[in-house]
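Visitor: 3D, please:
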Amino acid sequence: MNIKPAHNITLGEPLPNSKHAVSVSLPLWADVAGYEEGDARVVNAMKIGYPRFVYNNIVKELFAACEKKFAAAGEICLAFPSRRIAELGIEFCGAGRVEEFCAGIFALILPKHLEKEGKYFWQHPGFIISSRRAEKALDGEKENKKKGATAKKNICTHLAHITGEQAGNIYLFPSGMAAIFSAFEITNEGRTTAQVGFPYVDTLKIQEKFGKGSIFFDYKNETDLDALEKIIKETNISAIFTEFPCNPLITCVELEKLSTLCRRNNVALVVDDTLSTWANVDLRPYADIIVSSLTKFFSGVGDVLAGSLILNSNSPLFAKLKNKLSGIFEDLLFADDAEVLENNSRDFESRIAKINLTTEKLADWLKTRNEFSAVYYTKGNPTFEKYKKLGYGGIIGLVLKTETAAQKFYDALEVNKGPSLGTNYTLVCPYTMLAHYNEREFAERAGVAFHLIRVSVGLESFGELQEKFEKALK
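Guide: The predicted model follows:
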């Protein structure tokens, strides 16, 4: 079990130390604010970022190569792993054209004034070109599809063993958001969708920007679902999206009741279990589709982006959803990424078991401290207990009593700090600042404090983490 990287206090350094890293060191509260505000001090120091939000340098080289080959004056290029996805980009941006750069890479050529829209299309659906794919393309090397196919088969077999679903109903994607976008494509049917519980930012953005709109239903407890059924009937909702637990308040939706409600009204239920993982919960009896970011706990290392979509073969909508997904699915997870992911994930079960135990001890201890106004964690939540298989997961949400206290605590905490979660090393971030910096009022209306700090516990010992948290609290 490799815990690396060690605590990295240098602004802008990749986490882990790899050109393919998916996180970046933001050690101070002011660094996070500077990143969100485009402060040159922070932006210029960043060697990398989360790949859907910050173009990897190798990917930017690929964009430049596409521009040299295809772009006229006043045009820019982005690159995508399929013609269909690139053409969706034209539809989303309202202009543009597509050219094939090389096998498996398609340039989306846009007028310069649509650069922001192009970035949104890269970010929200998540069908990005990975840094490994870009590197091979720039070097003129072909994808080793045979080795990739073996790795993907092994991943699906592994996931089938954990989830109990047949490997043939498990689909892999170049990111977790790509899996969510595909779930949206096969369930929205040109109608309104609904988000139940406070969402991860891009899950809601997909529903708002690519369909007929979405209703955000701020779930607090099981009785809220009675009001939801009325909304479903009145607005002709086609699908409901939720997370288990919801990020970052660790709210747990009563899935059995929600599933019954959905099936009574012929509505698809899509559940994202990234925070809990399939090792810790069994959601398949209730969800029609389960989506996960394999970038997180399943990989652990933090050097590869991937996602999965699992169709529930026992769902009454299974045949319909299987047929729709078969019509649009493209195998776009790059072979090299699949190989890295397969290797990283071999010890997933033993890693998550250790993370579960350490997180439980840390959360129990943090709840005894009077510095916090809230400590969010799944233990003691009767809804989570109902679906629990192994443990309580590796995520804790912390709210200190004041924003100033949160800033001081964050700055003093000697662990890795940056975006993402699920790494083998503890990774901390001011979640609301990173995900909803320009939507503060929306988040606070839903009970999500602007100064909430999310802790993703790694493989360090409880004693080591307790010492570091104690020191920061002092």
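Visitor: which stretches of the stretch 51-200 of the chain form helices?
Guide: 57-70, 83-93, 115-123, 131-138, 145-163, 176-187 (DSSP state H, counting those that start in this stretch).
Visitor: just say which of those helices is most tucked in.
Guide: helix 176-187 (a mean of 25; mean count of other Cβ atoms under 10 Å). Quick note: C-beta positions are derived from backbone N, CA and C, even for glycine.
Visitor: end to end, how far does stretch 290-302 reach?
Guide: 22 Å (Cα to Cα, to the nearest Å).
Visitor: ok, stretch 47-56 next?
Guide: Using Cα to Cα, the two ends of stretch 47-56 sit 8 Å apart.
Visitor: about what we covered before: make a markdown table out of the helices of the stretch 51-200 of the chain and add mean pLDDT and distance to Leu275.
Guide: Shown next, in a markdown table, are the helices of the stretch 51-200 of the chain (pLDDT from 0 to 100; distance: least, Cβ to Cβ, whole Å):
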| stretch | mean pLDDT | distance to Leu275 |
| --- | --- | --- |
| helix 57-70 | 98 | 27 |
| helix 83-93 | 98 | 27 |
| helix 115-123 | 98 | 20 |
| helix 131-138 | 98 | 25 |
| helix 145-163 | 97 | 16 |
| helix 176-187 | 98 | 11 |
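Visitor: state the three-state secondary structure for the closest residue to Ala374 other than its chain neighbours.
Guide: Nearest residue to Ala374, sequence neighbours excluded (Cβ to Cβ, 6 or more residues apart in numbering): Val399, at 4.1 Å. At Val399, secondary structure determined by DSSP: H, G, I helix; E, B strand; the rest coil is strand.
Visitor: distance to Lys389 added to the helices of the stretch 51-200 of the chain, as JSON lines?
Guide: Supplementary listing: the helices of the stretch 51-200 of the chain in JSON lines, determined by distance: least, Cβ to Cβ, whole Å:
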{"stretch": "helix 57-70", "distance to Lys389": "38"}
{"stretch": "helix 83-93", "distance to Lys389": "35"}
{"stretch": "helix 115-123", "distance to Lys389": "33"}
{"stretch": "helix 131-138", "distance to Lys389": "33"}
{"stretch": "helix 145-163", "distance to Lys389": "10"}
{"stretch": "helix 176-187", "distance to Lys389": "21"}
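Visitor: can you say which of the ones you listed is nearest to Phe462?
Guide: When the helices of the stretch 51-200 of the chain are compared by Cβ to Cβ, helix 145-163 sits nearest Phe462, at 25.3 Å.
Visitor: mind giving me the packing neighbours of that closest one?
Guide: Where contact means 3 or more Cβ pairs under 8 Å, 6 or more residues apart in numbering; DSSP states H and E, helix 145-163 is packed against strand 170-173, strand 307-311, helix 335-344, helix 348-366.
Visitor: off-centre distance for the first one?
Guide: Mean-position distance between strand 170-173 and its chain equals 15 Å (Cα atoms, centre = their mean, to the nearest Å).
Visitor: state the mean pLDDT of that strand.
Guide: Taken as a whole, strand 170-173 has an average pLDDT of 98.
Visitor: Gly176 contacts Phe297, doesn't it?
Guide: No. Gly176 is not in contact with Phe297 according to Cβ atoms under 8 Å; the separation is 11.5 Å.
Visitor: hey, what's in contact with both of those two?
Guide: Shared contacts of Gly176 and Phe297 (Cβ atoms under 8 Å, 6 or more residues apart in numbering): Thr274.
Visitor: what's around the residue nearest to Ala374, how many residues?
Guide: 22 (other Cβ atoms under 10 Å).
Visitor: which stretches in the stretch 351-474 of the chain count as strands?
Guide: Assigned by DSSP state E, counting those that start in this stretch, the strands in the stretch 351-474 of the chain fall at 372-376, 395-400, 416-417, 427-429, 453-456.
Visitor: which other helices and strands does the first one contact?
Guide: When you say that, I think you mean strand 372-376. So strand 372-376, by 3+ Cβ pairs under 8 Å, 6+ apart, packs with helix 348-366, strand 395-400.
Visitor: check the longest one too.
Guide: When contacts are defined as 3+ Cβ pairs under 8 Å, 6+ apart, strand 395-400 sits against helix 348-366, strand 372-376, helix 403-412, strand 453-456.
Visitor: so which of those comes closest to Tyr200?
Guide: strand 453-456 (11.5 Å).
Visitor: who does the closest one pair up with?
Guide: strand 395-400 (antiparallel), strand 427-429 (antiparallel) (DSSP bridges).
Visitor: who touches Gln166 in this structure?
Guide: 160, 313.
Visitor: backbone phi and psi for it, please?
Guide: Note on Gln166: its backbone torsions stand at phi -70, psi 140 [degrees, to the nearest 10].
Visitor: I'd say Arg132 and Glu339 touch.
Guide: No. Counting by Cβ under 8 Å, Glu339 is not a contact partner of Arg132; they are 9.3 Å apart.
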